[in-house]
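K.L.:
3D model of this:
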Amino acid sequence: MCGAFFASGRFTFAMIGGGWFYGLFSPTHSVSLAWGAALMLLFTNWYTAGHGYPPGFLFPLWSISLEEQFYLAWPCIVKYLSPGSLLGISTVLMTTAYLTLARLLHQGAILDPGIWVNSLVQFQFFALGTMTAIVLRGHVPRLSTAVRWGLFVAGLLCMRAAQAAVYSDDKVLPHDLLHIGPRYLIALPGCLCLFFACLPLPAGKLQKPFLYLGKISYGLYVFHVLWLGLVRDALMHLGGGRLSPLAFQLIVMAIALPATVVTGMLSYQYLESPFLRFKKRFTFGSLATCLAGTYLM
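P.N.:
I've put the predicted structure just below:
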C-alpha cells in the first residue's frame, strides 16, 4: 500500500482519547460511543451526513475518514491496472460524483454537511488528482513567475465562486443541479490553478519554513481546531468578552497559531514518523504511482 492508513491511524486513537478526557470537563464536547465507533471504523463522514459534524475539536476527523476510505482501496487498484484503466476509473468516479450530487439535490439534502461530506461527491477531487498525475507522468511544467501569480489569483477566484456550493445562506439560490453543479465544477480548475501555481516551490531559504509547514500540515490540520477552542474558552473565562470582536479574534489567532505549529511539530516527530517508518513494510509501487491518488482540494 501507499501506507497513508498507517500514517494517520494514530490520530484517531489520540483524538478519541483526548475527546473523552476533555469531555470530563466540558460535557458539550464529549465523545459518545456512536461517534467513537464511527471514528474507529472510518465511517465518520457518513455519520456526519446524518448527525452533523463531530463534536468539539474532533471536527476535522470527518475528512480523515474520507481520505482513508480512498487510501485503503486505491493502492491495490494502482498495483494491477494500467494508466489507461486508471483514467477510465477516474472518469467513472467523476461521473458518479455528479450523478450523486443530482440525486441528493433532488431529494432535498442539505448542502452542508449532507452533500459536502459524501464520499461519492468528494471522490471527484481524488479523480482529478489521478488524471493530473497520469497526464504529467512525473514532469513538472516550467512556468514564469507572472504565470504562477496569475494561476494563483485565478485559483482563489474559482474557490470563492465555488463557496456557494457548500456555504450558501442565499434563500433565493435554488438548490438544484443547474445552480449548484457549476459551483462544484468551477472548484476543479481552481484546484488545478493553485496546484500548478505552487508546483514546484524552489527550496530557497525563504521557502524552507513553508516547506516544513507543508511537511507537518497533517498535524496542523488536525490540531488547529483544538487550540482555537481552548484559547477561546480560556479568554472568555479571563474576561475576554469585554474585548472587541476583532481584538478577541486577533488574540486567539496570535496564541493558537504558534501552539498549533508546536503541536504539529511534536506530532510529526513522535506520532507520525514512527508510523511512516512502519508503513514502508507495506508499501508497493513507485512514488509516481502513489501520486496518482493525489487529493487536489
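K.L.:
Pop out the phi and psi values for the spatially most central residue of the chain.
P.N.:
The centre of the chain sits closest to residue 63, judged by Cα atoms, centre = their mean, with a distance of 5.5 Å. Phi and psi for residue 63, reported as degrees, to the nearest 10, are phi -80, psi -30.
K.L.:
wait, isn't it in contact with residue 48?
P.N.:
No. Using Cβ atoms under 8 Å, residue 63 is not in contact with residue 48, being 9.5 Å away. (Glycine included, C-beta is placed from N, CA and C.)
K.L.:
Mind listing the shared neighbours of these two?
P.N.:
Residues touching both residue 63 and residue 48 by Cβ atoms under 8 Å, 6 or more residues apart in numbering: residue 117.
K.L.:
hang on, the earlier thing: which residue sits closest to the residue nearest to the centre of the chain, ignoring its sequence neighbours?
P.N.:
Taking Cβ to Cβ, 6 or more residues apart in numbering, and ignoring the residues beside it in sequence, residue 63 has residue 45 as its nearest neighbour in space, at 7.0 Å.
K.L.:
So which bits of the helix or strand encompassing that neighbour are buried?
P.N.:
Assigned by DSSP states H and E, residue 45 belongs to helix 44-51. For helix 44-51, the neighbour count (16 or more other Cβ atoms under 10 Å) marks 44-49 as buried.
K.L.:
Tell me where the stretch 51-200 of the chain has helices.
P.N.:
Remark: helices assigned in the stretch 51-200 of the chain by DSSP state H, counting those that start in this stretch are 61-80, 83-106, 119-136, 145-162, 177-197.
K.L.:
what's the closest of the ones you listed to residue 244?
P.N.:
Closest of the helices of the stretch 51-200 of the chain to residue 244 is helix 145-162, at 26.7 Å (criterion: Cβ to Cβ).
K.L.:
for the record, mean pLDDT for the closest one?
P.N.:
Averaged across helix 145-162, the pLDDT comes to 93.
K.L.:
what do you get for stretch 216-224?
P.N.:
Rounded mean pLDDT across stretch 216-224 is 86.
K.L.:
Would you mark the buried spots in that stretch?
P.N.:
216, 218-220, 222-224.
K.L.:
Export that stretch to PDB, keeping only CA atoms.
P.N.:
Taking Å, rounded to 0.1, in the frame of the first residue of the first chain, the C-alpha atoms of stretch 216-224 are listed here in PDB:
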ATOM      1  CA  ILE A 216       3.700  18.900   9.200                       C
ATOM      2  CA  SER A 217       0.500  20.100   7.700                       C
ATOM      3  CA  TYR A 218      -1.400  16.900   8.600                       C
ATOM      4  CA  GLY A 219      -0.900  17.700  12.300                       C
ATOM      5  CA  LEU A 220      -1.700  21.400  11.800                       C
ATOM      6  CA  TYR A 221      -5.000  20.500  10.200                       C
ATOM      7  CA  VAL A 222      -5.900  18.000  12.900                       C
ATOM      8  CA  PHE A 223      -5.000  20.100  15.900                       C
ATOM      9  CA  HIS A 224      -5.800  23.700  14.900                       C
END
